[in-house]
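Colleague: take this sequence and fold it.
(one chain, ligands or ions: 3)
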Amino acid sequence: MQTDRELVLGLIEACHEAIVIHADDLCELDRAIGDGDHGTNMRRGCEAVYLDRERLCSLPLPQAIETIGMTLVMSVGGASGPLYGTLLIEIGRRLGTRENEADFATILGEAVDAVARRGRAHAGDKTLLDVLYPVQTEMVRQSALINIAKRAEVSAQLTADMKAMRGRASFLGDRSIGHVDPGASSCALLTTAICRYLRE
Ligand code: ADP
Ligand code: MG
Ligand code: MG
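Modeller: Ligands and ions are numbered 1, 2, ... in the order given. Sure, this is the predicted structure:
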C-alpha cells in the first residue's frame with residue numbers, strides 16, 4: 001500500500017513531466033484559438049508545484065491537493081489557473097471533510113460543478129470541462145484506468161467540433177471550430193499521466 005507521501009510525490013512528478021514535455025504543443029493549440037500561452041502558463045504552475053514537492057508530500061493527501069490548487073491559482077496566470085485551482089481546492093476540501101473517501105467520483109463531480117460555476121461554462125462550451133465531465137462519468141462507471149485515460153484523450157479531440165462559448169477562443173465564434181481546445185488537451189494529458197502513474 002502506497003503512503004500519502006509516495007502518492008503525492010508520484011502524482012506531482014507525473015503531472016510535471018507531462019506538462020513540460022507537451023508545453024510547446026499546448027502553446028501551439030492556444031496560438032490557433034487563443035493567445036498562445038497555455039503551455040507556458042501550465043508549465044509555470046507545474047514548476048511551482050514541483051519546486052514545493054518536498055513540503056507538499058509531507059502533508060496529508062487532502063491538504064496536499066488543496067495546497068496544490070492554491071499554488072496553481074497563484075502561479076498559472078491565465079484563465080486556466082483559477083479553474084484548475086478551483087478543481088483541486090474543491091477536491092482537497094471534500095476529501096478532508098468526507099468520512100468516506102471511497103466515493104471519489106461524487107467528490108470529483110461536485111468539484112467539476114464548482115469549476116463550471118467559476119467559469120460560467122457548461123458541457124459543450126469547448127473548455128477543459130469537456131474532458132472533466134466525461135472523466136467523471138467514467139469514474140462513476142468505475143471504468144478501468146486505461147479506459148478513463150482513453151476517454152479523456154477522445155474527449156479532448158472531440159472539442160475540435162465545438163464552437164467556443166467561453167474564454168478567449170469564444171471571440172473567434174465559428175472560426176474556433178476545427179481546433180482542439182488547449183485546456184481540454186492539457187486536461188487529457190494530465191488525466192493520462194495520473195492514470196498511467198496509478199496503474200504502475
Ligand atoms: P488565457 O485564455 O487567459 O490565456 P490559458 O491559455 O492558460 O488562459 O487557458 C485557456 C483555456 O482555459 C481554454 O482552452 C479553456 O479550456 C479554459 N477556459 C477559459 N475560459 C474558461 C471558462 N470561462 N470556463 C472554463 N474553461 C475556460
Ligand atoms: Mg492562453
Ligand atoms: Mg493568456
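
Colleague: what packs against the helix or strand hosting Cys46?
Modeller: Following DSSP states H and E, one finds Cys46 within helix 38-51. Under the contact criterion of 3 or more CB pairs under 8 Å, 6 or more residues apart in numbering; DSSP states H and E, helix 38-51 touches helix 4-33, helix 61-75, helix 80-97, helix 182-199. To be clear about C-beta, it is placed using only N, CA and C from the backbone, and glycine gets the same treatment.

Colleague: how about these in a markdown table, adding mean neighbour count, distance to Arg53 and mean pLDDT?
Modeller: Below are the helices and strands packed on helix 38-51 laid out as a markdown table (neighbours: other CB atoms under 10 Å; distance: least, CB to CB, whole Å; pLDDT from 0 to 100):
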| stretch | mean neighbour count | distance to Arg53 | mean pLDDT |
| --- | --- | --- | --- |
| helix 4-33 | 18 | 5 | 97 |
| helix 61-75 | 20 | 10 | 97 |
| helix 80-97 | 21 | 15 | 96 |
| helix 182-199 | 23 | 14 | 97 |
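
Colleague: does any bit of stretch 34-54 sit next to ligand 2?
Modeller: Yes: legend: contact between stretch 34-54 and ligand 2 by CB under 5 Å from the ion is shown at 34-35, 37-38.

Colleague: which of the three states applies to the residue nearest to Gly173 when sequence neighbours are not counted?
Modeller: Spatial nearest neighbour of Gly173, excluding adjacent residues (CB to CB, 6 or more residues apart in numbering): Lys163 at 6.9 Å. Under DSSP: H, G, I helix; E, B strand; the rest coil, Lys163 falls in the coil class.

Colleague: for Ile146, the count of nearby residues, please.
Modeller: 12 (other CB atoms under 10 Å).
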